[in-house]
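Q: Starting from these lines, generate the structure:
(one chain, ligands or ions: 1)
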Amino acid sequence: MRFDIITIFPSLFDSYLKESLLFKACKSGSIRVKIHDLRDYADDHHKTVDDAPFGGGGGMVMKVEPIYKAVSKIKIKSKKTKVILFTPRGKKFSQKKATDFTKYEQIIMICGRYEGVDERVAKYIADEEVSIGSYVLMGGELPAMVVLETVTRLVPGVVGKKSFLEERKRGESFIEYPQYTRPENFVINNKKRKVPEVLLSGNHKKIEEWKNKKGKIIK
Ligand code: ADE
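A: Residues are numbered from 1 along each chain as shown. Next up is the predicted model:
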């Protein structure tokens, strides 16, 4: 799978992509991530990517031309491409949506900034507007990292085989249950806090039942 992220702050992704499983996933070729500086697609020598809104109102709006040029250049010739525009008014991102996104060969993510993005981007360039939650961020860069990480976890070979298989089996959902590791007993604020007995029992059927009971399904 390949991810292409269009942003005016490419360096925000530098350290994020150099660490952990995401770095490994890139290195092993499970995924390919390319960060594109939107300013490289601006025509004028000031590299302008925003302008004042028609009809007045405060703030600046991201221009349509550089985004159109970027997406046209980056898009591979395949039907399996998804172009996402991040905006707080988009459809809510979820585990189910992440699973749907794994069907695509290429995901292009446009990170909005300023007070908004020319509406023609949402209408004619993006396939989908996506929000990562009911709050307003300063731009689409964190949402792009959230989507990248959530979808990458589902790519075969990126996380441990066991959890991957479990998740795939469940399709769109994922069971998140409480986990413990050594020591069995640990004193916190003068009270002994023990690992639940069932997890130490060696009874796999009982353990599985406990996990299903205590687990929360993430959809
Ligand atoms: N841009 C600003 N806030 C956002 C959000 N919650 N989700 C996606 N993009 C955003």
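Q: Spell out which residues sit in contact with the closest residue to G59 other than its chain neighbours, please.
A: For G59, the nearest residue in space outside its immediate sequence neighbours is E115; the separation is 2.9 Å by C-beta to C-beta, 6 or more residues apart in numbering. Just so you know, the C-beta spots here come from the backbone N, C-alpha and C atoms, and that holds for glycine as well. Taking C-beta atoms under 8 Å, 6 or more residues apart in numbering as the contact definition, E115 lies against P53, G57, G58, G59, M60, V61.
Q: How many residues are close by the first one?
A: It stands for P53. Each residue near P53 was counted by other C-beta atoms under 10 Å, and the total is 15.
Q: Which secondary structure state does it sit in?
A: Reducing the assignment to helix, strand or coil with DSSP: H, G, I helix; E, B strand; the rest coil, the entry for P53 is coil.
Q: Surely it touches K63?
A: No. Because the distance of 11.0 Å does not satisfy C-beta atoms under 8 Å, P53 is recorded as not touching K63.
Q: What's the separation between the residue nearest to G59 and K79?
A: When distance is defined by C-beta to C-beta, to the nearest Å, E115 is 34 Å away from K79.
Q: Can you read off the pLDDT for the most centrally placed residue in the chain?
A: Within the chain, the residue whose C-alpha comes closest to the C-alpha centroid is V147; the distance, by C-alpha atoms, centre = their mean, is 1.0 Å. Per-residue confidence (pLDDT) for V147: 98.
Q: That one and K97: what is the separation?
A: 9 Å.
Q: For this protein, just list every one of the helices.
A: With DSSP state H as the definition, the chain shows helices at residue ranges 14-17, 20-27, 64-74, 95-101, 119-120, 141-153, 161-170, 197-200, 204-214.
Q: what does the shortest one contact?
A: Counting contacts by C-beta under 8 Å, 6+ apart, the residues outside helix 119-120 that touch it are V64.
Q: Likewise for the third one?
A: Around helix 64-74, the neighbours that count as contacts under C-beta under 8 Å, 6+ apart are 4, 6, 34, 36, 38-43, 49, 83, 108, 110, 117-118, 120-121, 125.
Q: List buried residues within those residues.
A: Burial of the contacts of helix 64-74 was assessed by neighbour count (16 or more other C-beta atoms under 10 Å); the buried members are 4, 6, 36, 38, 41-42, 49, 83, 108, 110, 117-118, 121, 125.
Q: how about CSV for those, with pLDDT and distance to R182 added?
A: Output for the buried ones among the contacts of helix 64-74, formatted as CSV (pLDDT from 0 to 100; distance: C-beta to C-beta, whole Å):
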residue, pLDDT, distance to R182
D4, 98, 43
I6, 98, 45
H36, 98, 45
L38, 98, 48
Y41, 98, 53
A42, 97, 55
V49, 97, 52
V83, 98, 47
I108, 98, 44
I110, 98, 45
V117, 97, 50
D118, 98, 55
V121, 98, 51
I125, 98, 52
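Q: tell me the contacts of V198?
A: K206, I207, W210.
Q: can I get those residues in a markdown table with distance to the ligand?
A: Rendered in a markdown table, the data for these read as follows (distance: C-beta to the nearest ligand atom, whole Å):
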| residue | distance to the ligand |
| --- | --- |
| K206 | 41 |
| I207 | 38 |
| W210 | 35 |
